[in-house]
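S.K.: Provide a 3D model corresponding to the input given below.
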Amino acid sequence: MKMTEAYDYQSFYEKIEDCCILDCKSIEGTRCYLDDLAKEVLIDRLVPFGADGIHFIDSGNYHYLSLLWITKIQEDFNLVLFDHHPDNQPPSFGMITSCGGWVLEALESLPHLKQVYTYGVGKEVPIEQISKDLPIYISIDKDVLCTDDAITDWDQGDMKLSTMLEMLDQLCANHEIIGVDICGDSGENAAVGGKINNLTNVTLFDFLSENIL
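M.R.: Sure, this is the predicted structure:
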């Protein structure tokens, strides 16, 4: 999904067959917080698509789009989150959906979501201990990666891309994967981070397309 100018510095999607780009830059009320009107517009635009597949959703400012994807899942599942932030903060005002609180909103509102496993912040459950009884949806914010592998708009972790790929390999080998989304492209720093993010997006897409599609 194309939410900011970040995609102007990306070319990885040009090699993807059957790629569909949703240009949402004209929608107001979307930066970090998603107001009700913008939420209705985005939900309407996503009607033709399912949660399956690989979804690139631009900057981490729009990570709440993961909530709109997983809302489509109509079976019990677990969420595996790669993120330098837990995204489980209550809203600062009202009940507005936000990039920092979408995980909490998902846990409170989606009966099919049974467990969230987060990697990149705090105590982590070993990958091999994730329940194999339910399928999983994977959400990746590239701010979990070190700055050698991604340049984002948020403070970043120190995970190497090679480490993430090893973890994804274990997940794909041992679990049914419903779908994956990836955010963390740099909007404000797009000109600087575009090349690095582009290479990482290519690597992630190539790996995931070979293992889950």
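S.K.: Show the contacting residues for Ile96.
M.R.: 33-36 (CB atoms under 8 Å, 6 or more residues apart in numbering). All C-beta spots, glycine's among them, are computed from the backbone N, C-alpha and C.
S.K.: swap that for Leu68, sorry
M.R.: By CB under 8 Å, 6+ apart, the neighbours of Leu68 are 39, 42-43, 46.
S.K.: what's the answer for Cys99, then?
M.R.: 32-33, 60-64, 87.
S.K.: How confident was the prediction at the residue nearest to it when sequence neighbours are not counted?
M.R.: Leaving aside its chain neighbours, Cys99 sits nearest to His63 (4.6 Å; criterion: CB to CB, 6 or more residues apart in numbering). With respect to pLDDT, His63 scores 96.
S.K.: neighbours around His63, how many?
M.R.: By the measure other CB atoms under 10 Å, the count of residues near His63 is 28.
S.K.: Quick check: which element contains Ala38?
M.R.: helix 36-45 (DSSP states H and E).
S.K.: Could you list every helix and strand that that helix packs against?
M.R.: helix 65-70 (3 or more CB pairs under 8 Å, 6 or more residues apart in numbering; DSSP states H and E).
S.K.: what's the next secondary structure element after the helix it packs on?
M.R.: That would be, after helix 65-70 and using DSSP H and E, strand 77-82.
S.K.: Who are the packing partners of the helix or strand following that following strand?
M.R.: Later in the chain than strand 77-82, the nearest helix or strand by DSSP H and E is strand 97-98. For strand 97-98, the contact count by 3+ CB pairs under 8 Å, 6+ apart identifies strand 33-34 as packing neighbours.
S.K.: ok, the strand it packs on: who's next to it in the sheet?
M.R.: Next to strand 33-34 in the sheet, as set by DSSP bridges, lie strand 97-98 (antiparallel).
S.K.: ok, and what's touching the strand it pairs with?
M.R.: So strand 97-98 is contacted by 32-34, 39, 64, 67, 89, 91-92, 105 (CB under 8 Å, 6+ apart).
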